[in-house]
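Visitor: predicted coordinates and the sequence they were generated for:
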Amino acid sequence: MIARLRASAGPYVSILPGGLWLAIFFVLPLVVMAALSLETGNLIDGFTMTWHWANYSDVLSSYHTQLVRSLVYGGLATLVSIVLAYPMAYWIAFYGGRNKSTYLFLVLLPFFVTFVLRTVAWQFLLGDQGLVLSWLKNAGIVGQDFHVLATAFAVVAGLVYNYLPFMLLPIYVSLERIDGSLLEAAGDLYANRTQTLLRVVLPLTIPGIFAGVLLTFVPAASDYVNASILGGTGQTMIGNIIQTLYLTNSDYPRASALSIVLMAILVIGIFAYARALGTRDVLDAAAA
Amino acid sequence: MSMLRGRAGRRRGILLHIYTWLIILWLMTPIFVIILFGFNDTKGRFNYTWQGFTLYWYRHLFDISDLTNALVNSLTIAVLVTLISAAIGTGLGFALGRWRFRGSGPTELTLFANIAAPEITFATALLSLFITMNIARGYWTIVIAQVTFGVAYLAVTVRARMSGYDVYVEEAARDLGAGPVTTFRLITLPLIMPGIIAGSLLVFALSIDDFVITQFNAGQTLTFPLWVYGATRLGVPPQVNVMGTLIFVGGVLLAVTSVIINRRRA
């Protein structure tokens, strides 16, 4: 009897410390933030719950430009990442031979440099007096007042640079899983190379692309480091606004409301997207 | 895969090979620049143009005391976060890999949400909790914030390594008279140790690198990434390049070592 009790208590004893931690510092904070987003007040007098739903309409009308811009930049960065990553993942999976893991290691190498520092390095490279532009200007290829920093291009390029590996790895995994005999079968059935690519390889890698889109779009759309280091006032993203509202203005209720709006958009987007693709493979890929 | 080869296939292979190396080169460019400009004989803070080779910044690595403090904070926080995450996350990952139980579904979902959630959601939610509870932000709120993602990554890594776990080994130990504590210490723990080590390395790396969650919950405390971010407006001193280089080299060595150890085991 005691032995059986112990066996059934086992999982609960094991998950207790970690589960408790996540309940207090992950689940509870989400509830607290939702409550805070309906309060009114200021830093000096304190905040009180007034069910002030207007915080939501306020932030939506004040910051819809930045919200839309974040989704557009995030979407662009994701699309560019697919286009850049797919051929490379394809080559590593089918032609990488014994060196596959070496190539993957090289793709991951930037992660060993601090994220902020990588972005600062791009600021340094692309600066008006930086290595790239000063050379191009001296060579007369671009005009003296040409600049890259503080443009949408710089921010999207920064996002692509920082999140490309998150796109490449899941695509690689799904390419790697493809059974070679399927490709041979396609050839035996007189499919040419392009047909094989479009009608056999590509459909089989949809789960990988799905996972890559999730892993790239969510962090890219909510990123504020690239916009603040590589962008200017015209490239402010929603993350920058949330940061300012919390850390500079101490306008906590509106900051919370905006953060929840961003979360809601991303969560709804993910579910709509999963539904549109609508296969069970998708969930497997996301879990992998 | 014979149909991918052939003459046209080979030509495509060569083009894609060149393409792959161009992307790798692009990925490496900032790393190369960071390392190179740590050796730049620049005067003062403006480390923009190449002035010649020097080891001066390596000898004067700790001259900027608040930068040094920030680096020390990053390292001590990473150690604490790794230890706490391993202590409380291991059981979570183990239980999910070992048993099917009532509540395992919601637990899995929480872990997935934790890892998939945008960092900023997570960061602002915790900050909202600290604000509401009137908890001043600083060193320990950074530790708490980072453990919250550390636990999840550690649990997921441990669970992933449980796939070949043999339940009968535990029963054999029990039949031979070992109590639950002894069984755990002598049988279970050594079997799941590779997972705990892999997860710990991952959590340590994520902690050192973390920016968003740390910035929101740091108060006036600075870590290495926060210091660098704050310095971007004024220009980043060469010591930052040197520290970045050392973190990079340390990380690569650690990764290569763990790969080699894993290969030997397998």
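Guide: Yep, that arrived. What you see is a predicted model, and the numbers here were worked out from it, not measured in a lab.
Visitor: close to chain A, is the helix or strand hosting B:Gly199?
Guide: Assigned by DSSP states H and E, B:Gly199 belongs to helix B:189-209. Yes - using C-beta under 8 Å from any C-beta of the partner chain, helix B:189-209 reaches chain A at B:205, B:208-209. Any C-beta I mention is one placed from the backbone N, CA and C, and that applies to glycine too.
Visitor: what helices or strands is that helix leaning on?
Guide: Here helix B:189-209 touches helix B:65-98, helix B:139-160, helix B:238-265, going by 3 or more C-beta pairs under 8 Å, 6 or more residues apart in numbering or on different chains; DSSP states H and E.
Visitor: which among these is found nearest to A:Val83?
Guide: helix B:238-265 (28.3 Å; C-beta to C-beta).
Visitor: that older thread, mean neighbour count, the helices and strands packed on helix B:189-209: which tops it?
Guide: Stretch with highest mean neighbour count among these: helix B:139-160 (a mean of 24; mean count of other C-beta atoms under 10 Å in any protein chain shown).
Visitor: now the angle from it to helix B:189-209?
Guide: Helix B:139-160 runs at 140 degrees relative to helix B:189-209, counting by axes from the mean of the first three to the mean of the last three C-alpha atoms, to 10 degrees.
Visitor: please identify the buried residues of whatever helix or strand comes next after helix B:139-160?
Guide: Sequence order places helix B:167-175 as the next helix or strand after helix B:139-160, per DSSP H and E. The neighbour-count check on helix B:167-175 (16 or more other C-beta atoms under 10 Å in any protein chain shown) flags B:170, B:173 as buried.
Visitor: what's the angle between helix B:167-175 and helix B:189-209?
Guide: Angle of helix B:167-175 versus helix B:189-209, following the same axes, to 10 degrees, is 120 degrees.
Visitor: what's the spacing between helix B:167-175 and its chain's center?
Guide: 35 Å (C-alpha atoms, centre = their mean, to the nearest Å).
Visitor: which outside residues touch that helix?
Guide: Contacts of helix B:167-175 with the rest of the structure, by C-beta atoms under 8 Å, 6 or more residues apart in numbering or on different chains, involve B:98, B:180, B:182-183, B:186-188, B:191.
Visitor: dump the residue contacts of B:Trp21.
Guide: B:Trp21 neighbours (C-beta under 8 Å, 6+ apart): none.
Visitor: pLDDT (mean, whole number) over stretch B:27-38?
Guide: The average of the pLDDT scores along stretch B:27-38 is 94.
Visitor: rewinding a little: want to throw the residues of helix B:189-209 next to chain A into a markdown table with neighbour count and distance to A:Ile206?
Guide: A markdown table is the format used below for the residues of helix B:189-209 next to chain A (neighbours: other C-beta atoms under 10 Å in any protein chain shown; distance: C-beta to C-beta, whole Å):
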| residue | neighbour count | distance to A:Ile206 |
| --- | --- | --- |
| B:Ala205 | 20 | 30 |
| B:Ile208 | 23 | 35 |
| B:Asp209 | 23 | 31 |
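Visitor: ok, is the helix or strand B:Gln215 falls within in contact with chain A or not?
Guide: Applying DSSP H and E as the criterion places B:Gln215 in helix B:212-216. Yes - Helix B:212-216 reaches chain A (C-beta under 8 Å from any C-beta) through B:212, B:215-216.
Visitor: how close does the nearest residue to A:Gly212 once chain neighbours are set aside get to chain B?
Guide: Leaving aside its chain neighbours, A:Gly212 sits nearest to A:Met167 (4.0 Å; criterion: C-beta to C-beta, 6 or more residues apart in numbering or on different chains). Using C-beta to the nearest C-beta, to the nearest Å, we find A:Met167 at a distance of 12 Å from chain B.
Visitor: ok, now which ones touch A:Met167?
Guide: Counted by C-beta under 8 Å, 6+ apart, A:Met167 has contacts A:78, A:81-82, A:84-85, A:212-213, A:215-216.
Visitor: picking that back up, and which of the contacts of helix B:167-175 is nearest to B:Ile23?
Guide: Closest to B:Ile23, out of all of those and judged by C-beta to C-beta, is B:Leu191, at 39.6 Å.
Visitor: so what's the nearest residue to the closest one once chain neighbours are set aside scoring on pLDDT?
Guide: Excluding the flanking residues, the one nearest B:Leu191 by C-beta to C-beta, 6+ apart is B:Tyr165, at 6.5 Å. B:Tyr165 is assigned a pLDDT of 81 by the prediction.
Visitor: surely B:Tyr165 meets B:Gly195?
Guide: No - counting by C-beta atoms under 8 Å, B:Tyr165 stays clear of B:Gly195, with 9.5 Å between them.
Visitor: look at those two and report which has more neighbours.
Guide: Set side by side, B:Tyr165 and B:Gly195 show more neighbours around B:Gly195, with 23 against 16, by other C-beta atoms under 10 Å in any protein chain shown.
Visitor: and the more buried one, what does it touch?
Guide: B:Gly195 makes contact with B:93, B:157-162 under the criterion C-beta under 8 Å, 6+ apart.
Visitor: where do the helices of the stretch 51-200 of chain A begin and end?
Guide: A:54-95, A:100-108, A:115-126, A:131-138, A:152-176, A:180-188, A:193-196 (DSSP state H, counting those that start in this stretch).
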